[in-house]
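Undergrad: Here's my sequence, what's the structure:
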Amino acid sequence: MSLRDEDEPPDPILVLKTYGRIAISDAVTIFVLSLLYFVASLSIVTIGPALLALMDAFYSSVSHTGTGGGAPASTRGRASQFVSSIWTYLWAGLPYTVAVIVAVYSLYTYSVLALSGGTAQALIFGVVGMYTVVLVFVLLFRAADIVVRADENERPGFFSALRKAWGSLGSNVAFAATHVVTAIAVTIASLIFIVTAICFLPGLLALLELLNYEELDGAGAKAIRYAYLDPQT
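TA: Predicted coordinates:
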């Protein structure tokens, strides 16, 4: 059962509050899934499939909340879902591998430019570049979210998913802007220490995407919040 009135605009404040509470209460799961994502990505080729598997692990554990409740899957259950999903999305995830590699390299380049640039122009160019790359990551996570929500025989291809993701984000620019700004803040905070980036950033970005998409076009962030804070058995 959706807890959001379809006539009401999505509430970014509710999403942020829910995000903060779940990020704290579900920190162990976020840590485990982020670490699994890092390990699964070591082969490079599986970076994209791991991204789809990460979104699948988050979405599959709460997809039932649209019908009224139930506790999200355990950490072990979601870890198992992640591992099995990598093989499910192995071929579909390959284009995402290329996109993520380009985005990560660009983020590194712009970060170095922003931190070491000797002129104001270089600093501004570096910062704008960093923000643009984070927007690309938001787009990729939304595309992955769209893919894992689709029926197996109706899953869109890479470019189709990107078009749908762009249309989804563009359907409410103000709401999408809050999503992107939050993603930027989370990314910057995580990159202060490389360990936090490895152990938490992938999971935090996936959770942020899940809640934003649910609030925009799903059961609503409130349904997810109740599933975590007041699970029904």
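Undergrad: give me the element Tyr108 is part of.
TA: helix 94-116 (DSSP states H and E).
Undergrad: Packing partners of that helix?
TA: Using 3 or more CB pairs under 8 Å, 6 or more residues apart in numbering; DSSP states H and E, the elements in contact with helix 94-116 are helix 47-62, helix 120-149, helix 158-170. C-beta: built from backbone N, CA, C; applies to glycine.
Undergrad: what comes up buried for that helix?
TA: For helix 94-116, the neighbour count (16 or more other CB atoms under 10 Å) marks Pro95, Tyr96, Thr97, Ala99, Val100, Ala103, Leu107, Tyr110, Ser111, Leu113, Ala114 as buried.
Undergrad: Past the strand or helix carrying Ile188, which element shows up next along the chain?
TA: Following DSSP H and E, one finds Ile188 within helix 173-191. With elements assigned by DSSP H and E, the helix or strand that comes after helix 173-191 is helix 194-199.
Undergrad: thinking again about what came up before, for the helix holding Tyr108, give the mean pLDDT please.
TA: On average, the pLDDT along helix 94-116 is 84.
Undergrad: when you give positions from now on, start the count at 47
TA: Noted, 47 is the first residue going forward, which turns the last one into helix 140-162.
Undergrad: I would like the residues contacting it, please.
TA: For helix 140-162, contacts defined as CB atoms under 8 Å, 6 or more residues apart in numbering pick out 90-95, 97-98, 168-169, 171-173, 175-176, 178-180, 182-183, 186, 189-190, 204, 237.
Undergrad: on that earlier part again, what angle do helix 140-162 and the helix holding Ile234 make with each other?
TA: Angle between the axes of helix 219-237 and helix 140-162 is 70 degrees (criterion: axes from the mean of the first three to the mean of the last three CA atoms, to 10 degrees).
Undergrad: and Leu169, how many neighbours does it have?
TA: By the criterion of other CB atoms under 10 Å, Leu169 has 15 neighbours.
Undergrad: Could you export stretch 234-246 as PDB, CA atoms only?
TA: The C-alpha trace of stretch 234-246 is given here as PDB (Å, rounded to 0.1, in the frame of the first residue of the first chain):
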ATOM      1  CA  ILE A 234      32.600  14.600  -0.900                       C
ATOM      2  CA  ALA A 235      32.200  13.500   2.700                       C
ATOM      3  CA  SER A 236      33.100   9.900   1.800                       C
ATOM      4  CA  LEU A 237      36.100  10.800  -0.300                       C
ATOM      5  CA  ILE A 238      37.800  12.600   2.700                       C
ATOM      6  CA  PHE A 239      39.000   9.100   3.700                       C
ATOM      7  CA  ILE A 240      39.500   6.400   1.000                       C
ATOM      8  CA  VAL A 241      38.300   3.800   3.500                       C
ATOM      9  CA  THR A 242      34.900   5.400   3.900                       C
ATOM     10  CA  ALA A 243      34.600   5.700   0.200                       C
ATOM     11  CA  ILE A 244      35.200   1.900  -0.200                       C
ATOM     12  CA  CYS A 245      33.100   0.800   2.800                       C
ATOM     13  CA  PHE A 246      30.100   3.100   2.600                       C
END
